[in-house]
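# show me the folded form of this:
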Amino acid sequence: MMNCHEAHKLVIRAQDAPLSLMERLGLRFHLFICTACSSFERQMEFLRAACRRFPGDDERD
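Here you go, the predicted model:
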């Protein structure tokens, strides 16, 4: 069974690259039973979306 530390690493990695089927299944199961990691995943999604809306250096000119 996956622990919270492993789940956090997969949540972060999943934002940049696809996970394997086993990683996705393990993560989904862990997120289903762990409210702390589910909150962490939502927070990471929120931060990623906020960063996308923030203007980059090339847009400030």
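# distance check, Leu47 against His8.
To His8, Leu47 is 13 Å away according to C-beta to C-beta, to the nearest Å. To be clear about C-beta, it is placed using only N, CA and C from the backbone, and glycine gets the same treatment.
# so these two - more neighbours on which side?
Per other C-beta atoms under 10 Å, whichever of Leu47 and His8 has more neighbours is His8, with 16 against 11.
# ok, the nearest residue to Leu27 once chain neighbours are set aside - how many residues close by?
Excluding its sequence neighbours, the residue lying closest to Leu27 (C-beta to C-beta, 6 or more residues apart in numbering) is Leu10, at 4.8 Å. If you count neighbours by other C-beta under 10 Å, Leu10 ends up with 20.
# in what helix or strand does Leu10 lie?
Using DSSP states H and E, Leu10 maps to helix 4-14.
# where does the protein have low pLDDT?
Applying pLDDT under 70 to the chain picks out residues 57-61.
# top helix in it by residue count?
Longest helix in the chain, counting residues (DSSP state H): helix 35-53.
# just list what that helix packs against, helices and strands only.
Judged by 3 or more C-beta pairs under 8 Å, 6 or more residues apart in numbering; DSSP states H and E, the packing partners of helix 35-53 are helix 4-14, helix 21-33.
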